[in-house]
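Engineer: give me coordinates for this.
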Amino acid sequence: MIHIAFTARIAAVIALFFALASCGDSGPQAPPGPPVTVAKPVKREIVDMDEYVGRFIAVDMVELRAHVSGYLEQIHFKDGQIVQAGDLLFSIDKRPFQNTLDQAKGALAQARANLAFTESDLVRAQKLVTDKTISEQVFEQRTQAKRNAEASVASNEAAVRQAELDLQFTELRAPVTGRIGDRRVAPGNLVTGGTTGTTTLLATIVSIDPMRFEFTADEGAFIRYERIAKNGNDPESRYTSTPVELKLLDEQDFVHKGKIDFVDNVIDQSSGTIRGRAVLPNPDGFFTPGMFARVRVPGSAKYETLLVPDAAIGSEQVRKFVFIVDGENTVKQKYLVLGTLQGNLRVVKSGLEPDDRVIVNGLMRARNGVKVTPIEEGAAPPGGQQPGAPGGAPAPK
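Structural biologist: Residues are numbered from 1 along each chain as shown. This is a model prediction of the structure:
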């Protein structure tokens, strides 16, 4: 009995000890939420940009074909070089054409001599017909002979001009400044000239500065552009001075500047698109006809909007969202309607308020309804740790 009483007294003392210890403690403390970096959306005036793929085309492209037929005598350029307008490129054997010119000049001299004779003969006939020495019929015959001689002179003068022109055509000169391609015919070959479809192609020239860029836009975008330009106020210009930016296939940024200089007058019924064209300076000749590139065209008027880092945006099937931290440091999920990308920031068209604190770092530890420790972007985190990463390790996103 004494042993049982002693054991009960010890149990009572232990119970009293724990009761007294609990009086100074309100209970176990909940661990703090994981640290995350938050930032408010950026407010900025922007212009939406539309992107299209297109090709460069030359302002001028000329196929060199001979006007006259003959044997190619000499080539005066190197394949692929830059030629200036008026440079001599091809020479055709001019001897047959020189002979034709000499014959035409001889025929013209003969016609002029005949005209001089008929003129003097008509002068004599005028005196004789006055004296009734010759009949009126003979006088009319001599008058007609003078008219025939004048027509012969005019015809031979035209033949001389044509022969001179053919002789000039034996030298083919560059009609525009640009880069010439390779020769299609070697010297010694017979070149077929003229205006028919069987003429011989000798080479091609493309201009290089400036360069044009063609692309196609869909009908919906075209209507939007028309409304932005306030169609009807200036129907002649049709936003043909709108600035555009381009980048090549191996470039990350749109570094090349140009402007729209033409928009087609019809929409293609088969594809529902309309053709646009921009012009860009090309002093170094780097842009080449046929080269692919992407063009960025202003797709809206300037407006003010909110932007968030693109890395802070998550996906849930087709919906996009961000995590925000409310006043009680609880994570909440907000679904957004997004716009275009502006650098590393994404335009938010709806779903976000200017004062929302968006989680931009530590996203892997953020869950809807979870308590977190928000740290303003740029502020030093407690304990020197990065948000969402123990021990100062880089924060996972």
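
Engineer: show me which helix runs longest in this protein.
Structural biologist: helix 95-130 (DSSP state H).

Engineer: residues of it that come out buried?
Structural biologist: 96-97, 100-101, 104-105, 107-108, 111-112, 114-115, 118, 122, 125, 129 (16 or more other Cβ atoms under 10 Å). Where C-beta positions appear, they are placed from N, C-alpha and C, glycine not excepted.

Engineer: ok, those vs R277, which is closest?
Structural biologist: F97 (41.7 Å; Cβ to Cβ).

Engineer: gap between the longest helix of the chain and the chain center?
Structural biologist: Relative to the centre of its chain, helix 95-130 is centred 63 Å away, using Cα atoms, centre = their mean, to the nearest Å.

Engineer: avg pLDDT for that helix?
Structural biologist: On average, the pLDDT along helix 95-130 is 89.

Engineer: same question for stretch 359-369.
Structural biologist: On average, stretch 359-369 scores 86.

Engineer: list the buried residues in it.
Structural biologist: 359-363, 365-366.

Engineer: of the residues you listed, closest to E45?
Structural biologist: V360 (21.9 Å).

Engineer: what sits against the nearest residue to Q84 once chain neighbours are set aside?
Structural biologist: Of all residues not flanking Q84 in the chain, T177 sits nearest, at 5.1 Å (Cβ to Cβ, 6 or more residues apart in numbering). The contact partners of T177, taken as Cβ atoms under 8 Å, 6 or more residues apart in numbering, are 82-85, 207.

Engineer: are any of those residues buried, and if so which?
Structural biologist: For the contacts of T177, buried by 16+ other Cβ under 10 Å: 83, 207.

Engineer: between the contacts of T177, which is closest to R346?
Structural biologist: Closest to R346, out of all of the contacts of T177 and judged by Cβ to Cβ, is S207, at 40.7 Å.

Engineer: contacts for stretch 206-214?
Structural biologist: 54-62, 82, 176-179, 181, 246, 258, 261, 275-283, 285, 287, 289, 293, 295.

Engineer: show the buried residues in those residues.
Structural biologist: 54, 56-59, 62, 176-179, 246, 258, 261, 275-280, 282, 287, 289, 293, 295.

Engineer: just the ones of the residues you listed in helices?
Structural biologist: Per DSSP H, the subset of the buried ones among the contacts of stretch 206-214 in helices is empty.

Engineer: among those residues, which are in strands?
Structural biologist: 54, 56-58, 62, 178-179, 246, 258, 261, 275-280, 293, 295 (DSSP state E).

Engineer: tell me the helix or strand right after the longest helix of the chain.
Structural biologist: helix 136-168 (DSSP states H and E).

Engineer: how about that following helix: buried residues?
Structural biologist: 139, 142, 145-146, 149-150, 152-153, 156-157, 159-160, 163, 166-167.

Engineer: and that helix, average pLDDT?
Structural biologist: 90.

Engineer: elements contacting the very next helix or strand once past it?
Structural biologist: Under the assignment DSSP H and E, the closest C-terminal helix or strand after helix 136-168 is strand 171-173. Other helices and strands packing on strand 171-173, by 3 or more Cβ pairs under 8 Å, 6 or more residues apart in numbering; DSSP states H and E, are strand 88-92.
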